[in-house]
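Student: sequence and predicted structure, then a few things I'm wondering about:
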Amino acid sequence: MVNAFTDEKFPTVIALNKIDHPDADKNIAKIAKMQDPNTIVLCSAVSEIFLRKLAKQGYIRYTEGSEFVDTREDLIADGDPDGGGLKELDEKNRNRIENLKDMVLYRFGSTGVVQVLSKAAEILGLVPVFPVRNTTTFSSGAGDAKHVFRDCVLVKKNSTVADVARKIMGDAPIAYIEGAGGTRVAEDQIVSVGKNDVSLRSLPITFYC
Amino acid sequence: MSDKCKPNYGACDNGRRSVPIELLDVAGLVPGAHQGKGLGNKFLDDLRHADALIHVVDVSGTTDAEGKNTRGYDPSVDIAWLRSEIVAWIKGNLWEKWGSIKRRHIAVKATAVETLQNQFSGYGSTSSVVARTLDKLGLKEPLEEWSGGFLLVSAGKACRSRVLTGRCSNG
């Protein structure tokens, strides 16, 4: 019973770190056999830190969580004579980048650090909810009509429309709730991804999932 | 639309939205924490605020049980050990008072969910979490007939792993 409760209350992501180490493969294989593969993420935190640092200093172009790293040379080879405005890497760092691509990015698809958080959100079944003030422009109001979907809250799976309303608006009374096309929605409806574009009438706040 | 996406918190990069998640770094877990060793229950106490746990395991095998540099350490035992520590903590708290929990359960004719939620609320549990747990187990025996055997006995081993706990936050 306590085991089952621990599973329910403390869902756990197992982040296997230092995957670029020569001894890692056999340990990964062993753990993969013992644990639910859906809870395991392979990662190299040191690689992610290195890439973020070089990107911040203007040496490379790197999107966090992706497998692509572009250096000045790469961009010039792709036809951008300016190399994206990136700085030239020195020999040492160029080798480190090449190594990192071979040992981590190409083998595992990413450094895995962002994936650890995505996996945690996935096992919790978190649903992103975007509260907006205006349902045609998706802006947040308060004089800012230029931008869309400025806020996002994560709610747990199986949250109802009423749960979300309370989380966003506190105890403000709700007159009624409208779904897409102006149909009424019950407040005990479950919100999930791609479902329930809902408009709460009382305060002009709407949320989209 | 993508150009106009400018989050108040987090980022929007090529149609990928990053949403802030609150991370708590929990340090100081040592074998026997459930018995109050090391930071002991303080460590475990930090866990209960979390929605999910991230157990960061060093798979290079270069950190041994005492946290010293080595080679060839088997990190697979760390995973079972962390879990057993949590289970032993919860079991210990429950078993210590099981006699009186059972008496009260019978006296007030409570449901198993009510009785257990009373005990588990401190871990940030809710009735629905307890109800789901019991549903999955499908136990036949009523609570008053449960014995210590329905819990796993723990076995511990030292390691140097870090546990991060994630909690979803607003905005």
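Tutor: Okay, I see it.

Student: going by C-alpha atoms from here, please, whenever you check contacts or count neighbours.
Tutor: Noted.

Student: what's the closest non-adjacent residue to the closest residue to chain B within chain A?
Tutor: In chain A, the residue found nearest to chain B is A:Arg150; the distance is 4.1 Å by C-alpha to the nearest C-alpha. Using C-alpha to C-alpha, 6 or more residues apart in numbering or on different chains and skipping residues adjacent in sequence, the residue nearest A:Arg150 is B:Pro7, 4.1 Å away.

Student: CA-only coordinates of stretch B:122-129, as PDB, when you get a sec.
Tutor: Extracted C-alpha coordinates of stretch B:122-129, given in PDB (Å, rounded to 0.1, in the frame of the first residue of the first chain):
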ATOM      1  CA  GLY B 122       1.200  15.800   5.700                       C
ATOM      2  CA  TYR B 123       2.800  14.500   2.500                       C
ATOM      3  CA  GLY B 124       0.700  16.900   0.500                       C
ATOM      4  CA  SER B 125      -1.700  14.100  -0.400                       C
ATOM      5  CA  THR B 126      -5.400  14.600  -1.200                       C
ATOM      6  CA  SER B 127      -8.400  12.200  -0.900                       C
ATOM      7  CA  SER B 128      -8.300  11.600  -4.600                       C
ATOM      8  CA  VAL B 129      -4.600  10.500  -4.500                       C
END
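
Student: distance check, A:Leu75 against A:Ile60.
Tutor: In this view, A:Leu75 and A:Ile60 are 10 Å apart by C-alpha to C-alpha, to the nearest Å.

Student: domain ranges for chain A?
Tutor: Domain segmentation of chain A under automatic domain parsing yields A:2-121, A:125-208.

Student: coming back round to it: the residue nearest to A:Arg150 in helix, strand or coil?
Tutor: With DSSP: H, G, I helix; E, B strand; the rest coil as the basis, B:Pro7 sits in coil.

Student: Provide a list of residues in contact with it.
Tutor: Taking C-alpha atoms under 8 Å, 6 or more residues apart in numbering or on different chains as the contact definition, B:Pro7 lies against A:Val148, A:Phe149, A:Arg150, A:Asp151, A:Cys152.

Student: how about A:Gly85?
Tutor: Applying C-alpha under 8 Å, 6+ apart, the residues near A:Gly85 are A:Arg72.

Student: can you tell me which residues in chain A are near chain B?
Tutor: Taking C-alpha under 8 Å from any C-alpha of the partner chain as the criterion, chain A approaches chain B at residues A:1-6, A:8-19, A:21-24, A:27-28, A:30-31, A:116, A:120, A:124, A:146-155.

Student: show the buried residues in those.
Tutor: A:1-6, A:8-19, A:21, A:23-24, A:27-28, A:31, A:116, A:120, A:124, A:147-155 (16 or more other C-alpha atoms under 10 Å in any protein chain shown).

Student: among A:Leu75 and A:Ile60, which residue is more densely surrounded?
Tutor: Taking neighbours as other C-alpha atoms under 10 Å in any protein chain shown, A:Leu75 and A:Ile60 compare with A:Ile60 leading, 27 against 18.

Student: between the contacts of B:Pro7, which is closest to B:Ala11?
Tutor: B:Ala11 has its nearest neighbour among these in A:Arg150, at 9.8 Å by C-alpha to C-alpha.

Student: mind checking what secondary structure the closest one has?
Tutor: With three-state DSSP as the basis, A:Arg150 sits in coil.

Student: from what I see, it and B:Cys5 are in contact.
Tutor: Yes: between A:Arg150 and B:Cys5 a contact is recorded at 6.8 Å, counting by C-alpha atoms under 8 Å.

Student: now do the phi/psi pair for the closest residue to chain A within chain B.
Tutor: Nearest to chain A, among the residues of chain B, is B:Pro7, at 4.1 Å (C-alpha to the nearest C-alpha). Here is the backbone geometry of B:Pro7 (degrees, to the nearest 10): phi -60, psi 140.

Student: so what pairs up with residue 17 in the strands?
Tutor: No chain in the question, so chain A it is. A:Asn17 has these beta-bridge partners by DSSP bridges: B:Asp58.

Student: other chain: chain B
Tutor: B:Cys12.

Student: neighbours of it, just the number please.
Tutor: Per other C-alpha under 10 Å, the neighbour tally for B:Arg17 reads 14.

Student: from memory it sits against B:Lys6, does it?
Tutor: No: counting by C-alpha under 8 Å, B:Arg17 sits too far from B:Lys6 to count as a contact (9.7 Å).
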